[in-house]
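**Q** I would like to see how this sequence folds:
(2 chains)
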2 protein chains.
Amino acid sequence: MKKGLLIVLSGPSGVGKGTVCASLRRRMPELVYSVSATTRPPREGEKDGVNYFFKTREQFLDMLASDALLESAEYVGNFYGTPREFVERTIAEGKDIILEIEVQGALKVKEKFPEGVFVFLLPPSLGELKQRIVGRGTESQDKIDHRLSVAVEEMNLLNKYDYAVVNDEIDRACERIQAIITAEHCKRERFQHELIAELQDLTTAKNGSER
Amino acid sequence: MKKGLLIVLSGPSGVGKGTVCASLRRRMPELVYSVSATTRPPREGEKDGVNYFFKTREQFLDMLASDALLESAEYVGNFYGTPREFVERTIAEGKDIILEIEVQGALKVKEKFPEGVFVFLLPPSLGELKQRIVGRGTESQDKIDHRLSVAVEEMNLLNKYDYAVVNDEIDRACERIQAIITAEHCKRERFQHELIAELQDLTTAKNGSER
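**A** Prediction:
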């Protein structure tokens, strides 16, 4: 069976990763969503394995130590991470899985999972991004400078990605990501293995016909 | 301006390249079709530059000598070839161009134009291809063996291509090729150049704000 794809959707903060990812999942119900592990306690209605894999701090540190996480980060005192096993099991079943994550985390995933499809979501224009950061006029110069530096750093990481998708309209961005997924399924490497076997059958048939 | 793409659609004889290409052009009227040069005289209603670029034998040989053809072949006493200039002008104008061609010609194009997008059209199954070749029962064993050899050789060239598209249904094959074209337009390399310039602007704005 052909393996599924790991699609990693990332991009600078505020570009709309979450909105695009949610819309894409509605369009593609067959696309599996990578569930994060966290040490944060479950909130009302959250289910283990659906919203998060809920872990104790000890369990999480064990996962870290045994390389069971593709990436991890600490946020407001809690750990969050991407369990490798869930991703690997899903693609082994031939299903595609999407991971929505910030740019630094995505690059950690790439180190451990270079065969992933890395998609960078771009703002409609950098001018617009700059406008948003500089143009408010309510923040201190220091803060503005810091946010500009972060934006420039994040945008500079584009060169580690396979694809860039402009988020001019959610629907158009989703269509482009869907096209990328379809195209990746058509990559020649995905056909070669089984074709070699089939071609041997053809050759056998040919030899057979020479009897 | 971003350059267009050269899409090369190829595959073994009888796989349905012509039908798929015609259907794709109806779906994508903006897609330019690579017009061949030929020494064959124009037939009733054929227009120079639309159906073919009609050339004298001398003109054609001059084009060959000056490397003005991406590939060429002789067929029933006439020369046929793919003019490089038409392809290069079209993509320089930012338009995508498609070239439908048999597998050997496609590989000659790849030597001179490695940045093309090479799509290999596959039969729904090799079993079916084999059936067609062996199963007729009307041809001599020699002919069957020869056709099987050619089929195996042509299929083996798949490993030189970027994508493989199964021609199970014309519409589905066209959708896959359209997805490949969209995805190729999203390749990160196509964005990097202009983004670097824009990022410099961002940094300038930042420095400006420090005044």
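**Q** quick one, what contacts A:G16?
**A** Listed by C-beta atoms under 8 Å, 6 or more residues apart in numbering or on different chains, the contact set of A:G16 reads A:121, A:167, A:170, A:173. Backbone N, C-alpha and C define where each C-beta goes, glycine included.
**Q** In helices, which of those residues fall?
**A** With helices defined by DSSP state H, the entries of those inside them are A:170, A:173.
**Q** ok, and which of the contacts of A:G16 reach chain B?
**A** For chain B, no contacts are drawn from these by C-beta under 8 Å from any C-beta of the partner chain.
**Q** A strand includes A:V165, no?
**A** Yes. Under DSSP: H, G, I helix; E, B strand; the rest coil, A:V165 sits within a strand.
**Q** Please tell me how far it sits from chain B.
**A** 6 Å (C-beta to the nearest C-beta, to the nearest Å).
**Q** where does that residue land on pLDDT?
**A** For A:V165, the pLDDT comes out at 96.
**Q** likewise A:S209?
**A** On pLDDT, A:S209 comes in at 47.
**Q** Check A:T203 too.
**A** pLDDT, A:T203: 67.
**Q** Ok, A:L69 next?
**A** At A:L69, the model reports a pLDDT of 97.
**Q** residues contacting the closest residue to it other than its chain neighbours?
**A** Leaving out its chain neighbours, the residue that sits closest to A:L69 by C-beta to C-beta, 6 or more residues apart in numbering or on different chains is A:G81, at 3.9 Å. Applying C-beta under 8 Å, 6+ apart to A:G81 gives the contacts A:36-38, A:60, A:63-64, A:69-73.
**Q** now A:A173
**A** For A:A173, the contact set (C-beta under 8 Å, 6+ apart) comprises A:16, A:20, A:121, A:165-167.
**Q** can you give me the helices for chain A?
**A** With DSSP H as the criterion, chain A has helices at A:17-27, A:57-65, A:84-92, A:103-112, A:126-134, A:141-156, A:170-185, A:189-210.
**Q** which strands and helices sit next to the fourth one?
**A** By that I understand helix A:103-112. Secondary-structure packing of helix A:103-112 (3 or more C-beta pairs under 8 Å, 6 or more residues apart in numbering or on different chains; DSSP states H and E): strand A:6-10, strand A:69-75, strand A:117-122.
**Q** rerun at 6 Å
**A** Packing partners of helix A:103-112 (3 or more C-beta pairs under 6 Å, 6 or more residues apart in numbering or on different chains; DSSP states H and E): strand A:6-10, strand A:69-75.
**Q** need the residues of chain A near chain B, please.
**A** By the rule C-beta under 6 Å from any C-beta of the partner chain, the part of chain A lying against chain B is A:126, A:130, A:148, A:152, A:155, A:161-165, A:176, A:179-180, A:182-183, A:186, A:188, A:191, A:198-199, A:202-203, A:205-206.
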